[in-house]
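>>> Structure for the following, please:
(one chain, ligands or ions: 1)
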Amino acid sequence: MRSPTTTRTRTSVSALTRVAVAAVLAVGGALAVPAGAQAAENPYERGPAPTTAILEASRGPFATSSFSVSSLSVSGFGGGVVYYPTSTSEGTFGAIAISPGYTASWSSLSWLGPRIASHGFVVIGIETNSRFDQPASRGTQLLAALDWLTERSSVRGRIDATRLAVAGHSMGGGGSLEAAADRPSLQAAVPLAPWNLDKTWSEVRVPTLIIGGEYDSIASVSSHSEPFYASIPSSSEKAYLELNGADHFFPQTTNTPMARQMVAWLKRFVDNDTRYEPFLCPGPTGFAVEEYRNTCPHS
Ligand code: 856
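From the prediction side, this is the model:
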C-alpha cells in the first residue's frame with residue numbers, strides 16, 4: 001500500500017512576502033504598503049483573522065452549498081456529498097476528502113461537511129465501495145475522491161489542486177494515514193480516532209493532526225493514536241490531541257474542540273495561514289483536553 005517517500009517542497013511565507021514586497025516596489029516605487037498588501041503576503045489566505053469565537057461557532061464565515069455524488073457517476077470510491085463555499089470572488093480553495101469508519105456511511109460524520117466548508121474549503125465526504133473496506137482501501141478511495149473532485153467534478157474550477165488534505169474516522173482515520181503515506185504532496189491529514197493494524201508511520205511527511213478519545217475502547221489511544229503519533233518523525237509537522245473522557249464515537253456528533261483544532265490545522269497547512277499558529281502552538285487547554293502534543297510549526 002505504501003510507496004517510497006519523496007521530498008516535499010513548500011513555498012515559505014517569507015519567500016511569498018519577498019515577492020509581494022518586490023512587486024509593490026516595482027510598481028509604485030513607494031515604501032508605503034498599500035491596502036490589500038496583507039492578503040498578497042499569502043495568496044492562499046481566505047477569510048478574516050481567526051478568533052476562538054469564529055473557530056467554535058457552528059459555522060465559519062463562508063456561505064456554502066452542497067450536492068450528492070452518485071456511486072454510479074464515479075470510480076475508485078463510492079460517491080458521497082460535496083460541500084463548497086459559494087464565493088467565486090476570492091480565488092480557489094483547498095480541498096479535503098473525509099472517510100467514515102467501518103460499517104458506517106458518510107451520514108455518520110455529515111455535520112463536518114458544512115462545518116469545514118464554511119471556513120473556506122471544498123469538502124467531499126465519501127461513501128466507501130463497501131462498508132467493510134479496510135484502512136488501506138479507504139486510503140486509496142480518499143485519493144480517488146480527491147482526483148475526481150479536482151479533475152472531473154463540477155466544482156473543480158473552485159479548487160487549487162496543489163492544496164489537498166484527507167481525514168477520516170476510525171478505519172477511515174487509518175485510511176487517512178495510508179493516503180498521507182502514499183501521497184506526500186498532500187498538505188494535511190487529520191485522522192480522527194484512527195484505527196489501523198499498522199502501527200508505524202515513519203514514512204509520513206504530510207502535516208498530521210491525530211485526534212484520539214481518552215476512553216476509546218475500539219481504537220484505544222494506547223494501541224492506535226499514540227503509537228501512530230510517536231512513529232511519525234519529529235521532522236514532520238505533527239500534533240496529537242486527546243479529548244478528555246471521549247469514546248470512539250466522538251467524531252459522530254458535533255464536537256467543538258475537535259472542529260476547532262481540525263479547522264486550525266487545515267488553515268495552517270492547506271492555506272499556509274500562519275494567523276492560525278497560536279491555535280496550534282502551544283495549543284488548546286481546558287476541560288476538553290486530556291493531552292496535547294505537537295512539534296510546533298517548523299519555520
Ligand atoms: C464507526 C474499526 C477490530 O476492529 C473493530 O472492532 C473496529 C470496529 C469499528 C471500527 C470503526 O471504524 O468504527 C467507526 O463505524 C474497528
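
>>> for the ligand, what are the nearby residues on the stretch 151-299 of the chain?
Counting by CB under 6 Å from any ligand atom, the positions of the stretch 151-299 of the chain adjacent to the ligand are 169-171, 195, 218. For glycine as for every other residue, the C-beta is placed from the backbone atoms N, C-alpha and C.

>>> Redo the residues you listed as CSV? Include secondary structure, distance to Gly120 and neighbour count.
Output for those, formatted as CSV (DSSP: H, G, I helix; E, B strand; the rest coil; distance: CB to CB, whole Å; neighbours: other CB atoms under 10 Å):
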residue, secondary structure, distance to Gly120, neighbour count
His169, strand, 22, 30
Ser170, coil, 27, 30
Met171, helix, 28, 29
Trp195, coil, 30, 27
Ile218, coil, 33, 14
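
>>> Dump these to TSV, plus pLDDT.
Below are those laid out as TSV (pLDDT from 0 to 100):
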residue	pLDDT
His169	99
Ser170	99
Met171	99
Trp195	99
Ile218	98
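
>>> which residue packs closest to the residue in the stretch 151-299 of the chain that the ligand sits nearest to, ignoring adjacent ones?
For the stretch 151-299 of the chain, the residue closest to the ligand is Ser170, as judged by CB to the nearest ligand atom, at 2.8 Å. Counting by CB to CB, 6 or more residues apart in numbering, the nearest residue to Ser170 once its immediate chain neighbours are dropped is Gly101, at 3.2 Å.

>>> any chance you could map the helices in the protein?
For the chain, applying DSSP state H gives helices covering 13-28, 37-41, 52-56, 112-117, 135-151, 171-182, 225-231, 256-270, 277-280.

>>> helices or strands next to the fourth one in the packing?
By that I understand helix 112-117. Counting contacts by 3 or more CB pairs under 8 Å, 6 or more residues apart in numbering; DSSP states H and E, helix 112-117 packs against strand 64-69, strand 80-85, strand 93-99, strand 121-126, helix 256-270.
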